[in-house]
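Visitor: Below: sequence and its predicted model.
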Amino acid sequence: MKIPFFTFRSVLLLCLSCIFCLSTLAQKKPMNLLLITVDDMSCDSVGVFGCKLKNTTPVMDRLASQSMRFEYAHVTVGNCNPCRNVMFSGLISHNNKVEGFYKVSNPGWPHMVDLLKEAGYYTAIRGKVTHSSPFQPYDWDHDLTELPQGGKAHQKDADSYGESTTRGIKNARNRGKPFFLSINISDPHKPFWTQVRGGGEDEYVPSKIFTAEEVPIPGFLFEDPEVREELALYYSSVRRADDCLDKVLTALKDSGEWNNTMIVFLSDHGMPLPFAKTQLYHHSTRTPLMIRVPGVTKTDTVDKKHMVSVLDLLPTIMDVLGVKKPSRLDGRSFYPVLQGKKQDDRDFIIKQYHENSGRSRDPMRAIQTKTHLYIFNPWSNGERVFATATNGTVTCKRMIALAEEDEDMNSRLELYRFRVPQELYQVKRNPDCTENLIDYPNQEKTKIKLQELLEEWMIQTGDPILECFQKRDDPDFVEAYVQKLEAESEARRKANPAKPKSKKKKKS
């Protein structure tokens with residue numbers, strides 16, 4: 001039986017078409033990853049996340065319009081080094097072993113760098129290099145902070161962030177590889193931008209400078225002229241961070257890789273002022289997470305259903321890029337959410353704190369839902385003073401000065417210094433966490449439910465503080481446990497003494 005010619009031709013064309021499609025798929029470039037962080041910026045300092053100050057972040061707002069942004073996204077701690085190691089490991093701090101600002105030579109887990117290099121990616125970092133891995137030096141292909149001509153790029157120079165991004169993309173292209181660039185913008189981390197300090201001018205001027213009269217006062221702080229001055233410098237530094245982001249995104253677009261690059265943008269924690277940084281409060285950990293995945297995320301969408309954490313970023317990124325995930329993870333991929341799907345069991349996030357950069361051991365655990373935040377402070381015994389990174393700020397000094405004559409301010413200062421063993425806040429109504437509801441009878445069921453969920457998580461992840469939490473009503477046991485942790489921290493400090501800071505030579 002003869003096959004009609006037109007049928008044979010159709011089959012032939014179909015086969016050739018299939019071969020062409022398969023060939024095209026095989027040759028499709030892997031998606032790049034651009035992970036951008038800003039340092040010490042509260043979520044509500046961003047326009048689209050509710051900033052009360054106009055024109056603070058036009059570039060961040062524009063990126064949000066091109067991305068999916070998350071209303072209920074949090075980091076796990078208001079400290080840089082532990083937070084970033086959670087992000088790069090997918091493991092909570094007590095499991096990734098980086099609980100503070102020390103280094104761990106054999107962490108026992110793969111870093112995002114390891115996973116993506118094995119998958120054929122070029123990996124490079126700009127800024128926060130020592131804070132972004134369990135030990136140094138880590139196996140990034142390049143540290144883009146280092147300039148080709150020698151020296152290092154200034155951490156507050158917006159143009160240099162664009163140059164670093166351009167150079168990283170070019171390096172990847174020269175190697176014939178997709179890229180993973182971790183671009184970490186220094187602002188608004190201190191030192192804030194300032195017009196004149198020490199007789200010299202800050203040459204890296206923000207595109208917009210805010211005045212003390214126009215800036216909003218966060219509800220967890222207080223009205224005061226000097227506080228306003230410090231906040232004006234903070235918000236001007238937020239604008240400079242926005243300028244830096246503009247240079248990074250422009251470099252990406254100019255490279256021609258915009259439509260083949262996954263962009264992840266977030267802040268590592270809240271503003272560097274009292275009751276934000278080095279804490280587990282709502283404004284300490286809420287982050288302006290935006291993710292853009294070409295062909296996956298819809299533009300200008302807001303997820304208001306799911307609570308996601310920095311703990312979930314690594315598995316999510318691996319799923320988007322099609323890279324195999326580690327077998328051991330505490331976080332969970334929210335790739336389905338990026339695809340516009342609903343995902344169950346995203347009703348709360350876990351937060352934990354261990355110690356500050358000075359290695360003062362002050363353990364805390366917290367659980368937050370859309371409506372409530374519960375915090376457990378075993379270190380708080382009424383005498384021990386909490387070691388926080390914000391003690392040297394103008395705002396903190398004003399709080400101390402005003403507390404001498406103002407009873408309400410003194411109560412606030414006492415909480416800042418000594419805290420209480422347990423805290424409960426209705427964050428939907430009181431996101432500033434100024435009214436502790438822990439002893440309110442009408443909050444008893446909520447408190448018990450959150451404690452039960454937190455205990456389940458601690459059991460699931462092998463939290464070493466579990467027994468201390470279970471015996472939280474036994475102050476003698478809790479105090480003995482905290483003293484043991486302090487002794488261990490002191491032994492580690494002696495075994496690994498911090499390197500002395502080099503003294504800057506005075507100009508003649």
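Guide: It's in.

Visitor: Could you list the buried residues of the longest helix seen in the chain?
Guide: Longest helix of the chain, by residue count under DSSP state H: helix 225-255. Using 16 or more other C-beta atoms under 10 Å as the test for burial, helix 225-255 gives 227-249, 251-252, 255. C-beta coordinates here come from the backbone N, C-alpha and C atoms, glycine included.

Visitor: Can you name every helix or strand that that helix contacts?
Guide: If contacts are counted by 3 or more C-beta pairs under 8 Å, 6 or more residues apart in numbering; DSSP states H and E, helix 225-255 sits against strand 32-38, helix 58-65, helix 158-175, strand 179-185, strand 261-267, helix 394-403.

Visitor: Dump those to CSV, plus distance to residue 451 and mean neighbour count.
Guide: Converted to CSV, the helices and strands packed on helix 225-255 look like this (distance: least, C-beta to C-beta, whole Å; neighbours: other C-beta atoms under 10 Å):
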stretch, distance to residue 451, mean neighbour count
strand 32-38, 32, 24
helix 58-65, 35, 20
helix 158-175, 44, 20
strand 179-185, 36, 27
strand 261-267, 29, 23
helix 394-403, 31, 18
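
Visitor: Just the terminal-to-terminal distance for stretch 282-299.
Guide: End-to-end distance of stretch 282-299: 27 Å, with C-alpha to C-alpha, to the nearest Å as the criterion.

Visitor: Report the rounded mean pLDDT for it.
Guide: For stretch 282-299, mean pLDDT rounds to 98.

Visitor: what's the spacing between it and its chain's center?
Guide: Taking C-alpha atoms, centre = their mean, to the nearest Å, one finds the center of stretch 282-299 at 12 Å from the center of the full chain.

Visitor: That stretch: which residues count as buried?
Guide: Judged by neighbour count (16+ other C-beta under 10 Å), stretch 282-299 contains these buried residues: 282-293, 297.

Visitor: what's the answer for stretch 123-130, then?
Guide: 123, 124, 125, 126, 127, 128, 129.

Visitor: residues touching the fourth one, list them.
Guide: Contact analysis of residue 126 by C-beta atoms under 8 Å, 6 or more residues apart in numbering lists 143, 144, 145, 153, 161, 164, 165, 168, 181, 182, 183, 184.

Visitor: Just the closest of those to residue 325, please.
Guide: Residue 325 lies nearest to residue 182 out of those, by C-beta to C-beta, at 18.6 Å.

Visitor: Quick check: beta-bridge partners of the closest one?
Guide: Assessed by DSSP bridges, residue 182 has beta-bridge partners residue 35, residue 125.

Visitor: Would you confirm that residue 290 contacts residue 62?
Guide: No: with contact defined as C-beta atoms under 8 Å, residue 290 does not count as touching residue 62 (10.4 Å).

Visitor: related to what we said a few turns ago, which stretch among the helices and strands packed on helix 225-255 comes nearest residue 421?
Guide: With C-beta to C-beta, the closest approach to residue 421 among the helices and strands packed on helix 225-255 belongs to helix 394-403: 22.2 Å.

Visitor: what's the angle between the closest one and helix 225-255?
Guide: Per axes from the mean of the first three to the mean of the last three C-alpha atoms, to 10 degrees, the angle that helix 394-403 makes with helix 225-255 is 160 degrees.

Visitor: which element follows helix 394-403 toward the C-terminus?
Guide: The first helix or strand that comes after helix 394-403 along the chain, using DSSP states H and E, is helix 407-418.

Visitor: Would you mind giving the buried residues of stretch 123-130 as a markdown table with distance to residue 352 and pLDDT added?
Guide: Output for the buried residues of stretch 123-130, formatted as a markdown table (distance: C-beta to C-beta, whole Å; pLDDT from 0 to 100):
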| residue | distance to residue 352 | pLDDT |
| --- | --- | --- |
| 123 | 28 | 98 |
| 124 | 30 | 98 |
| 125 | 25 | 98 |
| 126 | 28 | 98 |
| 127 | 25 | 96 |
| 128 | 21 | 96 |
| 129 | 24 | 95 |
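
Visitor: Out of these, which is nearest to residue 480?
Guide: Among those, residue 128 lies closest to residue 480 (C-beta to C-beta), at 36.7 Å.

Visitor: Could I get the contacting residues of the closest one?
Guide: Neighbours of residue 128 in contact, by C-beta under 8 Å, 6+ apart: 37, 39, 80, 84, 182, 184.

Visitor: quick one: the residue nearest to the spatial centre of the chain from residue 82, how far?
Guide: Geometric centre of the chain, nearest residue: residue 268, 2.5 Å, by C-alpha atoms, centre = their mean. Going from residue 268 to residue 82 by C-beta to C-beta, to the nearest Å gives 10 Å.

Visitor: Kindly report the same for residue 294.
Guide: Taking C-beta to C-beta, one finds residue 294 at 32 Å from residue 82.

Visitor: elements contacting the helix or strand harbouring residue 84?
Guide: Per DSSP H and E: residue 84 is located in helix 80-89. On a contact count with 3+ C-beta pairs under 8 Å, 6+ apart, helix 80-89 meets helix 93-96, helix 112-118, helix 313-321.

Visitor: hmm, 7 Å instead?
Guide: helix 93-96, helix 313-321 (3 or more C-beta pairs under 7 Å, 6 or more residues apart in numbering; DSSP states H and E).
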